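*Asks:* Provided below for reference: sequence and predicted model.
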Amino acid sequence: MTVTYSRRVADAGLGTFSRLLLRWKGSIYKLLYRELIIFTVLYYFFSSVYRFVLNEDQKRLFEKLSMYCDRYAELIPVSFVLGFYVTLVVSRWWGQFESVPWPDRLAALVGGHVRGIDETARLTRRTLMRYANLSGALIYRSVSTAVYKRFPTMEHLVQAGLMTTEELRHLEALPSPHNKFWVPCMWFVNLALRARTEGRINNDVALTAILAELNSLRTKCMKLYGYDWISLPLVYTQVSEVVLGRPLVVTVAVYSFFLACLIGRQFLDPAQGYPGHDLDFYLPVFTLLQFFFYVGWLKVAEQLINPFGEDDDDFETNWLVDRNLQVSLLSVDEMYDSLPAVEKDKYWN
Amino acid sequence: MTVTYSRRVADAGLGTFSRLLLRWKGSIYKLLYRELIIFTVLYYFFSSVYRFVLNEDQKRLFEKLSMYCDRYAELIPVSFVLGFYVTLVVSRWWGQFESVPWPDRLAALVGGHVRGIDETARLTRRTLMRYANLSGALIYRSVSTAVYKRFPTMEHLVQAGLMTTEELRHLEALPSPHNKFWVPCMWFVNLALRARTEGRINNDVALTAILAELNSLRTKCMKLYGYDWISLPLVYTQVSEVVLGRPLVVTVAVYSFFLACLIGRQFLDPAQGYPGHDLDFYLPVFTLLQFFFYVGWLKVAEQLINPFGEDDDDFETNWLVDRNLQVSLLSVDEMYDSLPAVEKDKYWN
Amino acid sequence: MTVTYSRRVADAGLGTFSRLLLRWKGSIYKLLYRELIIFTVLYYFFSSVYRFVLNEDQKRLFEKLSMYCDRYAELIPVSFVLGFYVTLVVSRWWGQFESVPWPDRLAALVGGHVRGIDETARLTRRTLMRYANLSGALIYRSVSTAVYKRFPTMEHLVQAGLMTTEELRHLEALPSPHNKFWVPCMWFVNLALRARTEGRINNDVALTAILAELNSLRTKCMKLYGYDWISLPLVYTQVSEVVLGRPLVVTVAVYSFFLACLIGRQFLDPAQGYPGHDLDFYLPVFTLLQFFFYVGWLKVAEQLINPFGEDDDDFETNWLVDRNLQVSLLSVDEMYDSLPAVEKDKYWN
Amino acid sequence: MTVTYSRRVADAGLGTFSRLLLRWKGSIYKLLYRELIIFTVLYYFFSSVYRFVLNEDQKRLFEKLSMYCDRYAELIPVSFVLGFYVTLVVSRWWGQFESVPWPDRLAALVGGHVRGIDETARLTRRTLMRYANLSGALIYRSVSTAVYKRFPTMEHLVQAGLMTTEELRHLEALPSPHNKFWVPCMWFVNLALRARTEGRINNDVALTAILAELNSLRTKCMKLYGYDWISLPLVYTQVSEVVLGRPLVVTVAVYSFFLACLIGRQFLDPAQGYPGHDLDFYLPVFTLLQFFFYVGWLKVAEQLINPFGEDDDDFETNWLVDRNLQVSLLSVDEMYDSLPAVEKDKYWN
Amino acid sequence: MTVTYSRRVADAGLGTFSRLLLRWKGSIYKLLYRELIIFTVLYYFFSSVYRFVLNEDQKRLFEKLSMYCDRYAELIPVSFVLGFYVTLVVSRWWGQFESVPWPDRLAALVGGHVRGIDETARLTRRTLMRYANLSGALIYRSVSTAVYKRFPTMEHLVQAGLMTTEELRHLEALPSPHNKFWVPCMWFVNLALRARTEGRINNDVALTAILAELNSLRTKCMKLYGYDWISLPLVYTQVSEVVLGRPLVVTVAVYSFFLACLIGRQFLDPAQGYPGHDLDFYLPVFTLLQFFFYVGWLKVAEQLINPFGEDDDDFETNWLVDRNLQVSLLSVDEMYDSLPAVEKDKYWN
């Protein structure tokens, strides 16, 4: 787990990135190879038609068409549009990452303030944390494909130990058409209040701190819900315009650029003496590099638009669900009041 | 509700975006078709005049004019201006979304700290939450066309159950020319204080936490009010310059670009041998693509400037009003002290 | 008050922005007409000199000069510089708007926690809020031209009811050369403490919450003071460089561009056969559009640099002063403990 | 103090900025005149060599060289690089301004919560605030040249009344090689705790609020320290790369641009008929404008990189030290429990 | 420690940056010299082949190839791509710096609120702070190469005095596959609770404040973990796309640009009369400047991607570990209740 990629680039040197470039070739090719093949096949199709099929007059016409396309391809501000677009997508993507709810802070408070080692106290602490995790899982189910596939029905959440059958019954009994991720939060509140009444939480300041922490967690869930919602019931809406419409604008820009390139970057008969067409290389190196470069950039953006999918590159939400549940329960149960012997440290006096 | 568009793009592949492009064609066309038709009609009008109406001398003149327009069209930095402008608009739009007040956090505190199962206690909890929702609704009425249409008069808020006739009377009796969205907040404060005095809220820390939460809600309302206000009494003001003046600058840029294109992108008689005019296509593919691309981008911005309208693409404020009221009441009433039986979870020991 | 401009653009359609364009023509013309007239007059002055005054040799020289200017005008990255500059100015402008102190939150706490209906209690509440408003007014006086004109001396604040003569005497007696906007904050603290001692505020948590809220208000005042200060005693300073120096850089860029255009965009005698000079239009449509477009953009920035002036477009600080005082006093006095009868709502069971 | 520059630009009009341009000429010239003189001298040196020294063959060679330089000068994206760079520098500069610690908020709490009018109480309040100011001064000494020059040794702080000899002795006795700005914070904590024990602070909530406020102040000190530190022990480090390396990249771009201009923008003999060289002006107006424009922009950035220097344009840290100490002491001592007579305000009933 | 680089640029003047340019030459050369040598060698290799090896026909072909490459090199928007990319990298880098956990605030609270001078009290305070530092060190171990090298095994942390053998045993006994940086936080909570029970912390408000502060520290640790994690188990993931893929895109852009330059910027035989090839300089000054400029820019970005490495330029995490431990222990032990004699300050009356 500690062998990370970051460490690999930690020390920048001559070959570092070149090596990564090689190592990652597979990955970026995995994303691009289909487009690249299609583009190349089409390119050589037009090339062959020009070279072998057309008669002289048609060749002259094709050449004019090619130069016309080339001229207009240069008018399309592909890099500019991609720059602005990717900047927006990346900041949104990072915003989503920062909205991921971690129950660690809550676990610290619950583990500290809910006192008692009897079974009810343990049960209270564990159940409180389970509610917090359940709330997160309900949100993940509605934003993440991977989690949705893992828990296609509520029953699966029960089987995974995130809720009990009784709780599921309660949840489903509640008459509301809206997403019910907030219901376990209310259970949490009610259970925390009962713990206060029973004296397991022994002061109001602690209770308030716990509820405040729960509310921060809930706010993060709301944010994820918001990120998802504004592309949810608004199918023909501004979000679609932002999340979709702008890719549309961007995608139209990029693909129409390469459509124009298909014709416009053909090598024309040098004998005709067109300016900039002195050589016939057969292999359009720079056009392919541009393709690799622009379409790769676009793919990065498409990958980041929804980071909760199942692509190799998406947040590992299922890992999150498991890690958070385990750490929560460990924090408030196994580790309750557990403390290594407090000894003098090395620098004592 | 869980079938979202995001899920559709969650797994980027070859055809994902192409399919969306087709599926969404309708949507983007809905926004653009009028402009596109007007542009095309005008384009062919000039084209026909040039081809069929003008005599030879006039044709030569038109050709010079066309090349003059083409040259200057390229001087207008349309993509640049749009890039900066859309970035501003999108960040403002997201800022507005983040200012939407959700009463969920407040409901958790009210549901937890206002104790009692008698009717007065229930009434207190429900009324507190209704006040919070009413405050939001009053703000929505002044910022959102959709909500304003739904509640054209205060009476409609009464009919919708957001306030009582008595409350309306109180609200209208208050002598202030300014927006009164803050009045229900003061009622909330007064009712919460009464609940504290009567012991329904049993400690000062809880009361302070509830009031703090109310104040965060109020701050969000203020923000929405601010987003709206600074384009409200300042009709000839800097805001108009930002919200309007800059679109004006941007719109002037975009439309003068396409005005120049109308003439400048005409196909000229190839026989005249003008550079770059070797072919006569009749259909100006690339100019139409540019039109689609730039005007589409501009439309995205216009959609986002005011996200509280009635466009298909605006925030569903009416849905928000309903959802928030329902979830608030459920949280503090039906779910008050409701708790599934606390059982040992699956991972117990 | 609810008929806002935003609503006008809420539903984007074909004509929406065009209509606004017409309606707002007046406004943008009001800002630009002087510059536009000067530019046009100068343009035609040079044009007339070229056409009617110069002899043939001088005409040839002028033509060379014109093409030289045209070439260099294109080297000046006007749109780029403006893009970056306006982005900075807009974010600073919005930052200032968000620093505007609203006493609403404080009023909620004072109205809630300072108990009692006797005259002293009312006096305490009203005076506390008056102090908070006075602090804001003192800041506005030092940042906003409009407020400064309304209250040229401290006496005017007394006459406006924002402070009493006694308070003015105290304020002036305090030996400090620095802005004293913080003094009413200290009075607030002292009065709040007295209220706590006398039991009008009945617990320490409430007192602390009130003081915390006061401090947030004060922080906002400090921020406004900071926005102003760093362009205050530092006349020849880096701020001047940011707020002024960069406009200088930007202004130099824009105006030197149009200086070059004055000569460089003249229509030259088509008979001389200079490339791109095939036509003589007399009216430089595109140059005027560019002027309208770039100088309009610059004007937007100049409007936003100081939003606390007296331009039509600046924040209505005087309105703010009045609104805040009225709402504050209403909140803590008329509305103290005022509550409509608490009735069952429409959705009760 | 209320005559500010902002007010001067508050009302944008035709002449506003032009007048500022004149008034500020001095300032921007002060920054640029040396570079401008050097550039002009070099320009005319090369010009003279070309015109008077070289023989015909050498002239032809020089002309080729000139056109070669001109061509490459246009390849260097100066405006682009400057735009991105200045945006980064400005946001960092504003971040530093926002990290400046103001003790006003703390003074409000200390003045309010530390009760008593006997000498010990006064001493406690004053000493608490002096500690907070001392902490700030220690940070300023390590980040600001101006403050460092004013207080070259710790002794000077003693002389300035910011600490006592006894405190200096304590500070120096502490065995730590690291910056000790945090030590007065610990004294503050200890003194506040003592005040609590002695009952001068009469409740735990108040004490906690005071310590929290102290910690925010401390965080701001840490931030300033961080802004400085990451350019402190890391002389050959990434910060240097950001703060320095990028100026290096930027500076290389700007200066190599003007190096190329020195040769490339020479007026060549019109008789040779080089394109774009039809006129010999002797005075390279546009090149000088570009110089003024780009180097001025770069200077703005250099001014802002470290706002704590002694340039005319840097934050007035010494003024800050004095203002903060005076306002702190006034707040907690002179103004302790001082309150003008509480009278009915003008709007009473 | 107070002689900082910032001070060196604090006063911008003519020579300031030039001098830094010289002084830093070493540094930037250290990063670039290998690439520069390779590029120069390759450049002269192609140059020699062209001049001495090829026959006339091959030379003509090479010339065509060179002009073809030159034309396409200009199509690659290197500066644009770098501008957007570096902006993203810098903001991420600064985000990481701001996530560095400093235990100073926590030390103030622990030193203030955990009372007692007996050995157990001292032990409690020291141990609490040691736990906080241990948590940070565990995070650093997983994000920073330098710290990982210093503490390759947990044993090394014991030897460094950051934990005891007993604690290590506890830590390892805990059955969890996930990073355990949060475990010392739970110990902290448990020890703090014990201190509360034993009355060393004498009120609940203080306890809650301490736990809240611990939680902020923990949040910062989580953030660092997040910055690292999202490039951790997601080797073929979107992060790789962001952190790697985009450099890939950027790197491809930069390196393919210079590949094209290798051929395209060769000096061609002036006798052939190709436009822009009138001179043969042998030394490609401007191409080398561009190389220095663009590749230097790219290197800056590579340096900043992971600031926790061992490059000269990375955050000094080992220094942080030491500084934080020392300052923490000093704060809560040596400085516990230590206070210089409280004397009247210089401005008393």
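*Replies:* Cool, the structure landed.

*Asks:* every contact and neighbour count from this point should use C-alpha atoms.
*Replies:* OK.

*Asks:* show me which residues of the stretch 51-200 of chain A sit near chain B.
*Replies:* Neighbours of chain B within the stretch 51-200 of chain A, by CA under 8 Å from any CA of the partner chain: A:61, A:64-65, A:68, A:72, A:76-77, A:80-81, A:84, A:88, A:123-124, A:126-127, A:142-145, A:161-164, A:166-167, A:170, A:176, A:178, A:182-183, A:185-187, A:189-191, A:193.

*Asks:* buried among those residues? Need that as a selection in PyMOL.
*Replies:* To isolate the buried members of those in PyMOL, using 16 or more other CA atoms under 10 Å in any protein chain shown:
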select buried, chain A and resi 64+65+68+72+76+80+81+84+88+123+124+126+127+142+143+144+145+161+162+163+164+167+182+183+185+186+187+189+190+191+193
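
*Asks:* so the residue most central in space within chain A, which state does it fall into?
*Replies:* Nearest to the geometric centre of chain A sits residue A:307, at 1.3 Å (CA atoms, centre = their mean). Secondary structure for residue A:307, judged by DSSP: H, G, I helix; E, B strand; the rest coil, is coil.

*Asks:* any idea how far residue A:171 is from residue A:158?
*Replies:* According to CA to CA, to the nearest Å, residue A:158 stands 12 Å off from residue A:171.

*Asks:* can you report how many residues lie near residue A:345?
*Replies:* Neighbour count for residue A:345, taken as other CA atoms under 10 Å in any protein chain shown: 16.

*Asks:* which stretches of the stretch 1-150 of chain A have low pLDDT?
*Replies:* By pLDDT under 70, the low-scoring segments of the stretch 1-150 of chain A are A:1-31.

*Asks:* rerun that using 90 as the cut-off
*Replies:* The model of the stretch 1-150 of chain A has pLDDT under 90 over residues A:1-40, A:46-47, A:50-52, A:54, A:56-101, A:140-150.

*Asks:* OK, now which residue of it is nearest to chain C?
*Replies:* residue A:80 (12.2 Å; CA to the nearest CA).

*Asks:* using PDB, write out every CA atom in the strand or helix carrying residue A:253.
*Replies:* Counting by DSSP states H and E, the element that carries residue A:253 is helix A:246-264. Provided in PDB are the C-alpha atoms of helix A:246-264 (Å, rounded to 0.1, in the frame of the first residue of the first chain):
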ATOM      1  CA  ARG A 246     -20.300  21.800 -23.100                       C
ATOM      2  CA  PRO A 247     -18.600  18.500 -23.800                       C
ATOM      3  CA  LEU A 248     -20.900  18.600 -26.800                       C
ATOM      4  CA  VAL A 249     -19.500  22.000 -27.800                       C
ATOM      5  CA  VAL A 250     -16.000  20.700 -27.000                       C
ATOM      6  CA  THR A 251     -16.600  17.400 -28.700                       C
ATOM      7  CA  VAL A 252     -18.000  19.000 -31.700                       C
ATOM      8  CA  ALA A 253     -14.900  21.300 -31.800                       C
ATOM      9  CA  VAL A 254     -12.500  18.400 -31.500                       C
ATOM     10  CA  TYR A 255     -14.200  16.000 -33.800                       C
ATOM     11  CA  SER A 256     -14.900  18.500 -36.500                       C
ATOM     12  CA  PHE A 257     -11.300  19.500 -36.300                       C
ATOM     13  CA  PHE A 258     -10.200  15.900 -37.100                       C
ATOM     14  CA  LEU A 259     -12.900  15.500 -39.700                       C
ATOM     15  CA  ALA A 260     -11.300  18.500 -41.500                       C
ATOM     16  CA  CYS A 261      -7.900  17.000 -40.900                       C
ATOM     17  CA  LEU A 262      -8.900  13.700 -42.600                       C
ATOM     18  CA  ILE A 263      -9.000  15.400 -45.900                       C
ATOM     19  CA  GLY A 264      -7.000  18.500 -45.200                       C
END
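
*Asks:* quick one: it to chain centroid distance?
*Replies:* 25 Å (CA atoms, centre = their mean, to the nearest Å).

*Asks:* name the helices or strands packed onto it?
*Replies:* Packing contacts for helix A:246-264, counted by 3 or more CA pairs under 8 Å, 6 or more residues apart in numbering or on different chains; DSSP states H and E, involve helix A:16-48, helix A:56-73, helix A:78-98, helix A:285-305, helix B:285-305.

*Asks:* which is the next helix or strand following the last one?
*Replies:* Proceeding N to C from helix B:285-305, the next assigned helix or strand is helix B:317-329, under DSSP H and E.

*Asks:* list the contacts of residue A:133.
*Replies:* A:103, A:162, A:321, A:324, A:325 (CA atoms under 8 Å, 6 or more residues apart in numbering or on different chains).

*Asks:* and these, which two are the farthest apart?
*Replies:* Distance extremes for the contacts of residue A:133: the farthest pair is A:103 and A:162 at 14.1 Å, using CA to CA.

*Asks:* return the per-residue confidence for the residue in chain A that chain D sits nearest to.
*Replies:* Of all residues in chain A, residue A:205 sits closest to chain D, at 10.4 Å by CA to the nearest CA. Residue A:205 is assigned a predicted lDDT (pLDDT) of 94.

*Asks:* would you agree it is in contact with residue E:203?
*Replies:* No: under the criterion of CA atoms under 8 Å, residue A:205 makes no contact with residue E:203, lying 10.1 Å away.

*Asks:* which of these two has more neighbours?
*Replies:* Set residue A:205 next to residue E:203 and count neighbours by other CA under 10 Å: residue A:205 wins out with 21 against 14.

*Asks:* please, which helix or strand holds that one?
*Replies:* helix A:204-229.

*Asks:* quick revisit: the residue of the stretch 1-150 of chain A closest to chain C contacts residue B:79, correct?
*Replies:* Yes: with contact defined as CA under 8 Å, residue A:80 reaches residue B:79; the gap is 7.5 Å.
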